[in-house]
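A.B. asks: My questions are about this predicted structure, shown below with the sequence.
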Amino acid sequence: MSNEQLVYTIETNSAAATFALGQRLGQHLRSGQVIALHGDLGAGKTVLTQGIAAALGINARVTSPTFTLVSEYVRPSGDLLIHIDCYRLGSPDQNDGALEAAFFGLDEIVDRRDAIVIIEWAERVASLLPSDYLEITLRYANVTPDHRQIHCLAHGPLSALVIVGLQTEKLVK
């Protein structure tokens, strides 16, 4: 596999379709991976995470951890899904949430080999992201209120495998 960054872009037209994309993503994720989510309020970051959780066999209700910052869910394998919401960290224009995130150990969480880590509002803690992570940006598309453009960008070889899996899956169908 080359060192170039792999990209996968898809459009969804409903929350159910965004959830289903999360399920597809979840089938390709492995413990030790970090997902950095970007997007405006209501863009579907939590819905995507709920789909990933469903694919990982998590039956608990997955909600946005805006006020708790970090939620952990145990997968049937015993490994974890760690869901982090950095919305309330730092100021949006200063990218200074990393200092606050260091207080709850984000730098250690992203290095865990027994967890898949999903970070909403990851741009606020960009300096703490590992060298290998999957960046996913959800944008409103100007088609219908529920239409989204979802752009996935692999930073590193493990994340590239997720994109290759999605691309291969699309070719098979």
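C.D. replies: Good, I have the coordinates.
A.B. asks: Tyr140 versus the residue nearest to Ser14 when sequence neighbours are not counted, what's the distance?
C.D. replies: What sits nearest to Ser14 in space, not counting adjacent residues and going by CB to CB, 6 or more residues apart in numbering, is Asp146, at 4.9 Å. C-beta: built from backbone N, CA, C; applies to glycine. Using CB to CB, to the nearest Å, we find Asp146 at a distance of 9 Å from Tyr140.
A.B. asks: One more: Val62?
C.D. replies: Computed with CB to CB, the distance linking Val62 and Tyr140 is 22 Å.
A.B. asks: Give me the more crowded residue out of the two.
C.D. replies: Ranked by neighbour count (other CB atoms under 10 Å), Val62 and Tyr140 place Val62 first, with 21 against 16.
A.B. asks: got the contact list for that one?
C.D. replies: Val62 is in contact with Thr46, Thr49, Gln50, Ala53, Ser71, Tyr73, His83, counting by CB atoms under 8 Å, 6 or more residues apart in numbering.
A.B. asks: Report the central residue of this structure.
C.D. replies: Residue closest to the average C-alpha location in the chain (CA atoms, centre = their mean): Ile35, at 3.6 Å.
A.B. asks: Checking my notes, that one in a strand, right?
C.D. replies: Yes. Counting by DSSP: H, G, I helix; E, B strand; the rest coil, Ile35 is found in a strand.
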